[in-house]
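Colleague: coords please:
(3 chains)
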Amino acid sequence: MLIPHPLLGPRDAQEFTYLGDASLLNRPDGMAEGALPAFCDYVYLRDNPAGIHRELWFHEQGDRSWLVVTRNTLTHEILGAELARDVALRRQK
Amino acid sequence: MTRLSGGLIDRSKTLRFSFNGQGYTGHPGDTLASALLANGVRLVGRSFKYHRPRGIFAAGSEEPNALVILRGGARAEPNTRATVAELFEGLEATSQNHVGPLGFDLLAVNDLLSPFFAAGFYYKTFMWPKVFWEKLYEPMIRRAAGLGAMSMQPDPDAYDKGFLHCDLLVIGGGAAGLAAALTAARSGVRVILADEDFRLGGRLLAEGEALGDRPAPDWVAEAEAELVSLPNLRILRRTTVFGAFDHGIYGAVERVGDHLPTPATVRQTLWRITAKRIILAAGATERHIPFANNDRPGIMLAGALRAYVHRWAACPADKVAIFTSNDDGHRTAADLVAKGVQVTAVIDPRRDAKALGQYPLFAGSVVTDTKGRLGLSHVQITRDAAPVWIKAGVLGVAGGWNPNLHLASHHRGRPEWSEAHQAFLPAPAGGPPGLTVAGAAAGQGTTQAALMNGAEAARAALADLGISANLPDLPAASDAKGNQHPLWHVPGKARAWVDFQNDVTVKDIKLAHQENMRPVEHLKRWTTLGMATDQGKTANVTALAVMAELTGQSIPQTGTTIFRPPYTPVSMAVLGGGDTGPHFRPRRLTPSHEWAAAQGAVFVEVGQWMRAQYFPRPGETTWRQTVDREVLATRAGVGICDVTTLGKVDVQGRDAGAFLDRLYANPMASLKVGMVRYGLMLREDGHVYDDGTCARLAEDHYVVTTTTAQAGPVYRHMEFARQCLWPELDVQLISTTDAWAQFSVAGPNARRLLERVVDGFDLSNEAFPFMACAPLTVCGGLRARLFRISFSGELAYELAVPARYGNALMARLVQVGADLGATPYGTEALGVMRIEKGHAAGNELNGQTTAQMLGMGKMVSAKKDAIGTVMTRREGMLAETRALVGLQPVDPADPVTAGAHLFAEGVAQDTWSDQGWITSACFSPHVGSAIGLGFLASGTTRLGEVIVAANPLEGKSTRLRVVSPHFVDPEGGRLRD
Amino acid sequence: MRFSGFRVIAEALTGHKGWKPLWRNPDPQPAYDYVIVGGGGHGLATAYYLAKTFRQARIAVLEKGWLGSGNIGRNTTIIRSNYLLPGNEPFYEFSMKLWEGLEQEFNFNAMVSQRGILNLIHTDGQRDAYRRRGNAMLLAGADAELLNRDQVREMAPYLNFDNARFPIKGGLVQRRAGTARHDGVAWGYARGADIHGVDLIQNCEVTGFRIENGRVLGVETSRGYIGAGKVGVAVAGSSSRVMAMAGMRLPIESHVLQAFVSEGLKPLIPGVITFGAGHFYVSQSDKGGLVFGGDIDGYNSYAQRGNLPVIEDVAEGGMALMPMIGRARLLRTWGGIMDMSMDGTPIIDKTPVEGLFLNAGWCYGGFKATPASGYAFAHLLATGQTHDTTRFMRLDRFERGHVIDEKGMGAQPNLH
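Modeller: As a prediction, this is how the structure comes out:
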């Protein structure tokens, strides 16, 4: 597979380490009321879609960026990639 | 046997080769198969199940029958298709899968017993008595099964891997592929043309036809000359593109040295080709027609026969018959006649069949039987009633053509049945993105159409990339349409083979139908159809059609089969590349490796690292003596150990403290500058991830350490936290594991030793207390960092210098500390001392451990939102009672063994009475006996209790006393001294 | 029809006219007491034990494609009970005991072959861990032996002992482990279930659940609505997709695992060998093909195909461990969808929807579990009670903090 790195262009997927669903960006507030059930969902439950999946890849053998890659799990087609940091900052706004 | 005239072989040179010990000769340009045929050899092998005599069936990679062991010794290569093995001087080949001589295989008795070996028979028997399966039946089956034998020796050849990139990859160098390559290459784009053959041209080499006014091979030579001259095109000969992977990546194997007596460089190279566009022009594979006894040596594909005659000037018999359901077989007959071969019959089921030349035509007839034990002698022809026998040493069978669309369905797109073509064609959608199919692979059966189609496919592919290309002037070529009139099998009672290698007959398909194994996948699995080394290339479509006939459904209703990589089998060695033996993984050396090696250190693999395990001295005969000495010397004087492998991460920024507070379960922001704190890192699921130290060198600067094993994962995790969870924090990270050499200097004389290397730095307990840290210089100006931390329990420091000075520093410390007893120690002594001190390490931190188990439950701060904190509050984790304890044998002579399980005394030992296990154990020179650490249920309340360590695996059981895990200096006085 | 050697001989002598279909092709009834979704190994085994052992009736298995088309149709056929944790080992040992009598039980030769599994040890830490595991196996009633380097060498002299990056220091052997003919297992259960009256319905895809007041009433399928007293879902890699139709999210990700077969070779290695320092395990089928695999590709996938890097990684492992296989050729590859659970351990449990039961999360180890999984799931469906060996394999273990994390990798499915 080739991952279209937003800064570096297409890179072989072998340079990356995969983590999983990009919902891992949405870490609940650990100090909030009811944090435990929220964390149980966050840590363990996944949509696991057959189709479009937003997922986290780490450019371990590269620039050490975490990326959010949008990929179709049925065809492996990659629809886009952006810096996870940008996604996370946008989410906070 | 003599050669025919012509052919693309170099008759000026003669190559000697042997088959089953018998010497023969051939010429450059021959394959093993063509050379055998030219020498009149028809019997080449035996079939898988019935051990039927088999010959050469095809002229390419689809060959099901002519499998040999190529070469000998460690280079022996079983199951090699004689049809693709290029002849070289001294080639040795032997036949396989027979007991006794090839001509008299004792296992041919299976053929007589074939009624008992019908499809799926083994699922129905061999069940009684039960123990006979492993003892008798299965060994018997295993010995009989299998094809060729391996040498059992390591492969002596070298292999390589490489990456290639191009705009257009053309797969197949026949008419369509050459036209595509010419079109694309002339436009200046980067083109790779790959062909599995050693000579470009594909079927153009196998036909007698002309292109324009020249023989086809002449046109091929001219096209090739142009392609070779173009710098933007690379020809990969002898290269099979075996798989279409994601995003335009194709796997290909170039057989660099397989055609040489021994490879000059590497034997094969694995190419990973990344292409923007791909044209699959892999041609087509001819179908055969199942009829009674259609598997004898001498019965072959008619198109293959034509190839042997034209390209290799080899005809394996004087008298040849052709059985064809379409005009293409007549073309073979006409070509043979033109070459002066006697064609004794052309048998065509079509009543209106027309002869294309001077040969006896049996229209409206079929072949209903054959004779000849080790090679075809007679063919039985039946028109309406009375059959006739005619003589023939070779029978060419032409059942039509199946496009080689395999790679087009490697992404699981299903081929579609075309009524017009009477064949499966690539589906318009669902193929690998960017791939188009051209030529015969797309059902373009004539040479003219293939040329045009190839050129147009290239132009369209480039247009897709925004590049315009002109169609080349293509020569006029044959546009004789070989309309397909499939005859899927000749009905009859005797066995008619569909899959030759695995001995699957029409009867087997009927039986599968009768037993309701009708879905095509059930059919394949029940009968083993298509599972042989040829992957059903000549069998699957025919079998599907036979099943369709039996079910009364159409072929597409019956099913399709798709293809998976590899297109043809690929050697394990080339897939592994050169990364074998000691090169299997990189070898990381510690900064003091050279010095340690000079001292005669014994090294041990620790992940990718090689670490000094211990430093034997003259007179020491066992490793234990050495390790005990290193431990005692450290505890009595001073020991030095290279601990560079521990992960180091530099953390800088205004929010560095806040960031680490969220990463570690215990507080880090409150750490004072110049101090170090133990750090406990949890995974988000609440289990212990890693531990290490955090040193605060400045307000905005920490250096944290990880365990050796987790250095990579923890750094990744920290980056995840920084970029994905808390991007708003002002913090930067970099791994400095390899940048700093770090040495543990431990023991009562540690301070005195370090005083001799630091540049005027005050090491007194007051100025630099336990858990202090500081940047400083050593050895007269060398930048360094000093941490007063202890893994051994002694007064200890870790001193870091830039990695390139590590080797020298190690030597210096040992040298200047000689009078202090400075002793290098390795990982074994390190392990002993940390067990004596009760420090957890890899065996304890195995990913299943909680902070509570380590006695660190209280370190998990509830006052902050650190990773993993919340999940430790789950009921199951709170209920955990197992805790780290020390274990000491009641009888000091008894061993303590890691991996033994712990039980209360006197209970029946099973899974449910199990109370824990021993994680780490060693002989403690300090205690004077073996000791261990372990996790024990309610361990913290059981100090003093005697328990049992059960090690039934090694037949041992030992009584142990539960003690504090801190065998050395439990109060910690020494490290604070 | 009972299968036997005599039967094979009798049929051979009379032209094989008497062989009957291995199972019927019934049309679906309007309703069943039990509907099993998924005609793979686990679903078929569940139906078999429900009908035969638990004497239930009105049972259907609904299969989207052909029987046995899931991971039972494509796997590396290993059976073993060499697990560590009490949440797992007794279950897999129960499965092993069922394997040992399986063929006689369902009258079908599934070629269960106890030729042993050898897990290689390359470091002292690994030896400690394998000793702990071997002892756990013995304590659960399984068999295990710890070998030193010389013993391993005697058992498998063709391994790389002289030139290895990670020297072999020993091995853990389970002699009762081995392989079974994967398709034969599916067919044996299918035929046995059919004999006991189960309707095996192929080409019948479940497209939805009918759920009212928190209770499942039946399933919508590509062949119409089918009412059901209880529904058991055993669809492996499709678990998330199917259970989403019942409104559930699962602690599961679907990943691709590739596996490989070489060309047929004369007997080379007798049992199963796993490399302890790389991603490679191998056995040899009765037909002669080396059957081998390694790690999952590592990314979520339903594509049923993988990529080249893992193929290379596995081949590297193979070459590093057994340099003699260099000139053997890889013949076939395939990729299956693995239902990777969050702790690497399966789930056999009821769900919050009454009457709806789940059997999922097998990661890449579901084949060896087939008998016990079917048995335990049938037990749960028939009695409403969890079978003793699956009492920890609960759906709520994650929120309760009772994970069964055999590898200690935490909530990251691609690391299990």
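
Colleague: Quick check: nearest residue in space to the closest residue to chain A within chain B, chain neighbours excluded?
Modeller: Here chain B gets closest to chain A at one residue, residue B:865, 3.4 Å apart by Cβ to the nearest Cβ. Every residue, glycine included, has its C-beta placed from N, CA and C. Distances taken as Cβ to Cβ, 6 or more residues apart in numbering or on different chains place residue A:30 nearest to residue B:865, at 3.4 Å, with adjacent residues excluded.

Colleague: ok, residues contacting the helix or strand of chain A with the lowest mean pLDDT?
Modeller: The weakest-scoring helix or strand in chain A, judged by mean pLDDT, DSSP states H and E, is helix A:84-92 (a mean of 95). Contact partners of helix A:84-92, identified using Cβ atoms under 8 Å, 6 or more residues apart in numbering or on different chains, comprise A:22, A:25-26, A:56, A:65-68, B:723-725, B:727-728.

Colleague: Report the buried residues of that helix.
Modeller: A:84, A:85, A:87, A:88 (16 or more other Cβ atoms under 10 Å in any protein chain shown).

Colleague: okay, the residues you listed in CSV with distance to residue B:671 next?
Modeller: What follows is those, written out as CSV (distance: Cβ to Cβ, whole Å):
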residue, distance to residue B:671
A:84, 29
A:85, 26
A:87, 32
A:88, 27
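
Colleague: Which strands and helices lie in contact with the helix or strand where residue B:633 lies?
Modeller: Assigned by DSSP states H and E, residue B:633 falls within helix B:623-636. Packing partners of helix B:623-636 (3 or more Cβ pairs under 8 Å, 6 or more residues apart in numbering or on different chains; DSSP states H and E): strand B:609-614, strand B:638-642, strand B:822-824, helix B:827-837.

Colleague: Alpha carbons of the second one, in PDB - could you do that?
Modeller: What follows is the C-alpha trace of strand B:638-642 in PDB, where atoms were taken according to Å, rounded to 0.1, in the frame of the first residue of the first chain:
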ATOM      1  CA  VAL B 638      32.200  -1.000  41.900                       C
ATOM      2  CA  GLY B 639      30.700  -2.500  38.800                       C
ATOM      3  CA  ILE B 640      30.200  -0.900  35.400                       C
ATOM      4  CA  CYS B 641      27.500  -1.900  32.900                       C
ATOM      5  CA  ASP B 642      26.600  -0.500  29.500                       C
END
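
Colleague: Mind checking what helix or strand follows it in sequence?
Modeller: Sequence order places strand B:647-652 as the next helix or strand after strand B:638-642, per DSSP H and E.

Colleague: got the buried residues for that next one?
Modeller: Within strand B:647-652, the residues scored as buried using 16+ other Cβ under 10 Å are B:647, B:648, B:649, B:650, B:651, B:652.

Colleague: now do stretch B:764-776
Modeller: B:768, B:770, B:771, B:772, B:773, B:774, B:776.

Colleague: what sits opposite residue C:224 in the beta ladder?
Modeller: Beta-bridge pairing for residue C:224 (DSSP bridges): residue C:221.

Colleague: That one contacts residue C:28, doesn't it?
Modeller: Yes: using Cβ atoms under 8 Å, residue C:224 is in contact with residue C:28, at 6.9 Å.

Colleague: And the helices in the stretch 251-400 of chain C?
Modeller: C:308-321, C:366-383, C:397-400 (DSSP state H, counting those that start in this stretch).

Colleague: Once you drop chain neighbours, what's closest to the most centrally placed residue in chain C?
Modeller: Residue closest to the average C-alpha location in chain C (Cα atoms, centre = their mean): residue C:367, at 1.4 Å. Closest residue to residue C:367 apart from its sequence neighbours, by Cβ to Cβ, 6+ apart: residue C:75 at 4.7 Å.

Colleague: Pull the number of nearby residues for that neighbour.
Modeller: 23 (other Cβ atoms under 10 Å in any protein chain shown).

Colleague: related to what we said a few turns ago, with mean pLDDT as added columns, please give the helices of the stretch 251-400 of chain C in TSV.
Modeller: Shown next, in TSV, are the helices of the stretch 251-400 of chain C (pLDDT from 0 to 100):
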stretch	mean pLDDT
helix C:308-321	97
helix C:366-383	98
helix C:397-400	98
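
Colleague: which one of the ones you listed lies closest to residue B:946?
Modeller: Residue B:946 lies closest to helix C:397-400 among the helices of the stretch 251-400 of chain C, at 34.1 Å (Cβ to Cβ).

Colleague: Domains in chain B, by residue range?
Modeller: Domains of chain B are assigned by automatic domain parsing as B:1-151, B:159-284+B:403-464, B:288-399, B:495-560, B:588-645+B:739-834, B:647-735, B:881-976.

Colleague: For chain C, what's its nearest residue on chain A.
Modeller: Chain C sits closest to residue A:48 of chain A, with a gap of 3.6 Å, by Cβ to the nearest Cβ.

Colleague: show me what contacts that residue?
Modeller: Counting by Cβ under 8 Å, 6+ apart, the residues that residue A:48 touches are A:21, C:240, C:241, C:249, C:250, C:252, C:253, C:254, C:300.

Colleague: taking the contacts of helix A:84-92 one by one, which sit in strands?
Modeller: Within those, residues falling in strands by DSSP state E are A:56, A:66, A:67, A:68.

Colleague: could you dump those to CSV with pLDDT and distance to chain B?
Modeller: Listed next are those as CSV, based on pLDDT from 0 to 100; distance: Cβ to the nearest Cβ, whole Å:
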residue, pLDDT, distance to chain B
A:56, 98, 7
A:66, 98, 5
A:67, 98, 9
A:68, 98, 9
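
Colleague: related to what we said a few turns ago, neighbour count winner among residue C:224 and residue C:28?
Modeller: Neighbours were counted for residue C:224 and for residue C:28 using other Cβ under 10 Å; residue C:28 has more, 17 against 11.

Colleague: what's near enough to touch the more buried one?
Modeller: Taking Cβ under 8 Å, 6+ apart as the test, what residue C:28 contacts is C:60, C:62, C:199, C:201, C:204, C:221, C:223, C:224, C:226.

Colleague: how close does the third one sit to residue C:28?
Modeller: Using Cβ to Cβ, to the nearest Å, we find residue C:199 at a distance of 7 Å from residue C:28.
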